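Novice: got a predicted structure here, sequence first:
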2 protein chains.
Amino acid sequence: MKSDATRTLLVTRSDLRCIVEAVGANTLMDELIHALTEALRTFDGEQTEVRKRDGFLLESARQPGCLEWMPVMQRGHAVTVKMVSYSPHNPEERGLPTIIATNSLYDVQSGHLIALMDGVFATALRTGAASAVATRCLASPDSRVIGLIGCGAQAVTQLHAISRLFPITEVLGYDTNPEAQESFARRTAFLGLDVKIVPLAELEERSDIICTATSVAVGAGPVLSEKKLKPHVHINAVGSDLPGKTELPKSLLERSLVCPDFTVQCLVEGECQQIRPDQVGPDLITLVKNPDVYEPWRERPTVFDSTGYALEDQVVTALFLKHAERLGLGTSVALETVGGDALDPYALLHTPEAAPKRDVRLATGS
Amino acid sequence: MKSDATRTLLVTRSDLRCIVEAVGANTLMDELIHALTEALRTFDGEQTEVRKRDGFLLESARQPGCLEWMPVMQRGHAVTVKMVSYSPHNPEERGLPTIIATNSLYDVQSGHLIALMDGVFATALRTGAASAVATRCLASPDSRVIGLIGCGAQAVTQLHAISRLFPITEVLGYDTNPEAQESFARRTAFLGLDVKIVPLAELEERSDIICTATSVAVGAGPVLSEKKLKPHVHINAVGSDLPGKTELPKSLLERSLVCPDFTVQCLVEGECQQIRPDQVGPDLITLVKNPDVYEPWRERPTVFDSTGYALEDQVVTALFLKHAERLGLGTSVALETVGGDALDPYALLHTPEAAPKRDVRLATGS
């Protein structure tokens, strides 16, 4: 990426909207699924260092949340860090999404912040794309019925992403929150699919693919009964992101091929918390690198344990930046106190000509 | 802090310049020293959770650097995270500071990014202020001669901060880099002090207070010989920030009271790496809470092991934000994809009226 080492590119929600308008939501999702698949297929642990996320537990009278950092380094090139919070009561209490995030890109040569972008939309998109990649490896190719347990923000992009790869004819939704249930068909209308709200038992019985994306409280899972699941069901379990927060019954995990996105992290905060390390199946990278090996599992129960993987954030950040550059979007900001005498912290402050009073300008490119 | 939960305040280098112009560099430093002292004196580990920094080692053909995150949470209120890089060849190779950083403030209720600001100037300022606080506790009150080993960016604010608390009459500088030596008097001219470059031996022999702030390579220390130091010398060792990178002789540490800024971190990457945990003295909080206990050490050799403490970043971030708000500085940006239907990631992208094409505006306040 060509960049001015003294300026930072901001990619805001309005820039992302311009990107979606210019590229098209379907094409953008297809590009992301493709880019993520390639990043996983060609992943080299010598070149890319992915850290398990870490963070603060945010206490609350009602239900805990967290604020976490998810760093990944492409050696010799860049570091991507997503700061992400999970605040389960945001929608009802503040009209804000459950998951709020920002993605940052740093130059590893100088440490300079190259770009900062919204991570709310990026997270929803990449979490959908990750499930699509796992589902392509593990679900029966004629899967036509998809069930969404939890019909919130993440369910929209789960459905969008998976519908790009499977001949979905029927979408079954279930949520304990009546508002989320009622609005789900409207929020997914752009997909042109047959979306209906059904009882949980019907969803479980009829779905070829199930996505769980709930704000179930720590210790309150599972969110699915395991009665009468299809023998070939593939489940994307997206909601686990805290120690103690799980969505699936342990017995289901024990009889399924469980594929974590990032094993060390899933053992701490994913569905894998419930099983022994030797019961954990191949991770997403292994799956994508060896699709033939796992193809027989398409006729048997499988689980993608999706806690969120920093590599996914690296891929979506790079994709959005590529489009922002191509379309001349983003705002270049002189944020860091750099560009004056490198040995003088006060240089830019002393020299009027070096620092215009107002230096936020609209980028016409980068 | 009053804030719009859908917008983020950017405080850029030009905003910081306006703050310095409005407040005055001396007053700002005095305020920071005061605020940091109060934060340390009233520190309550139940209310504030400070994390040891963690990060990536940035490999280089010449000398390694690092990119690290330094998080601290004020429970129920906010999380401050500094992202900071150390790239020792930045000045000569890129005309950029050795240390580049940005400071972020998050709301713990919602996870929203409240503000993002430059951290280059903030880091230089707070590192100076921390040394001033430690020096006030540990140096002889009539210290008049200060020696700077390493005359780069950090030396400027070390000198500035300490000169606010001591009747400095003479400043002795030494650097292995001729350019840094030559320009030091010019870069510190605003202090009106008598600054001279001297041989290292003279600096060691004549200084009451010494600050080491060097880019010495891992394993290449110490940077000071220990011959003929004053019996009451107080040393602020500022340069340690990587495992293996130390500036002081082990024998000096063993006969001095060594005060780490953050013990667990100093044992990994500070001067404390060289000694046993039982040889480590009180940390900065203990020192500031109990100044009388350590007063006798003002006549004996003492070392402040300053690796950089996230609490310092919290304090300087809050101080700059307070002034930015008061002066109506900063730029309010609609960064995160929030403010539309919280359950629909595509909402803001679908609804033209909810997201103006360009929504970066200049703040007239906050």
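Specialist: Everything's here; your move.
Novice: now do the contacts for A:Tyr294.
Specialist: A:Cys137, A:Leu138, A:Leu257, A:Pro282, A:Leu287 (CB atoms under 8 Å, 6 or more residues apart in numbering or on different chains). (Glycine included, C-beta is placed from N, CA and C.)
Novice: so what's the second one up against?
Specialist: Spelled out, it's A:Leu138. Per CB under 8 Å, 6+ apart, neighbours of A:Leu138: A:His234, A:Leu257, A:Cys259, A:Leu287, A:Tyr294, A:Trp297, A:Arg298, A:Thr302, A:Phe304.
Novice: which one (most neighbours) among those?
Specialist: A:His234 (31 neighbours; other CB atoms under 10 Å in any protein chain shown).
Novice: doesn't A:Ile209 make contact with that one?
Specialist: Yes: counting by CB atoms under 8 Å, A:Ile209 is a contact partner of A:His234 at 5.2 Å.
Novice: what do those two both touch?
Specialist: A:Thr135, A:Ala139, A:Ser143.
Novice: so which of the residues you listed comes closest to B:Val264?
Specialist: A:Thr135 (43.1 Å; CB to CB).
Novice: that older thread, between the contacts of A:Leu138, which is closest to chain B?
Specialist: A:Phe304 (19.5 Å; CB to the nearest CB).
Novice: partner strands of the host helix or strand of that closest one, with direction?
Specialist: With secondary structure defined by DSSP states H and E, A:Phe304 is part of strand A:302-305. Taking DSSP bridges as the criterion, strand A:302-305 pairs within the sheet with strand A:234-237 (parallel), strand A:257-260 (parallel).
Novice: assign the residue nearest the centre of chain A to helix, strand or coil.
Specialist: Central residue check for chain A by CA atoms, centre = their mean: the C-alpha nearest the mean position is that of A:Thr127, 2.9 Å away. Under DSSP: H, G, I helix; E, B strand; the rest coil, A:Thr127 falls in the helix class.
Novice: quick one, what contacts it?
Specialist: A:Gln154, A:Thr157, A:Gln158, A:Val238, A:Ser306, A:Gly308, A:Glu312.
Novice: closest to chain B among the residues you listed?
Specialist: Once CB to the nearest CB is applied, the member of those that ends up nearest chain B is A:Thr157, at 5.7 Å.
Novice: Three-state assignment for the closest one, please.
Specialist: helix.
Novice: just to revisit the earlier point, which among the contacts of A:Thr127 are in contact with chain B?
Specialist: Applying CB under 8 Å from any CB of the partner chain, the subset of these adjacent to chain B comprises A:Gln154, A:Thr157.
Novice: how much space between A:Met29 and B:Gln74?
Specialist: A:Met29 sits at a distance of 39 Å from B:Gln74 (criterion: CB to CB, to the nearest Å).
Novice: picking that back up, in CSV, list the strands paired with strand A:302-305 along with mean pLDDT.
Specialist: Below are the strands paired with strand A:302-305 laid out as CSV (pLDDT from 0 to 100):
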stretch, mean pLDDT
strand A:234-237, 98
strand A:257-260, 98
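Novice: want to try a markdown table for those strands, with distance to B:Thr48 as columns?
Specialist: Listed next are the strands paired with strand A:302-305 as a markdown table, based on distance: least, CB to CB, whole Å:
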| stretch | distance to B:Thr48 |
| --- | --- |
| strand A:234-237 | 35 |
| strand A:257-260 | 34 |
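Novice: fine by me, thanks again.
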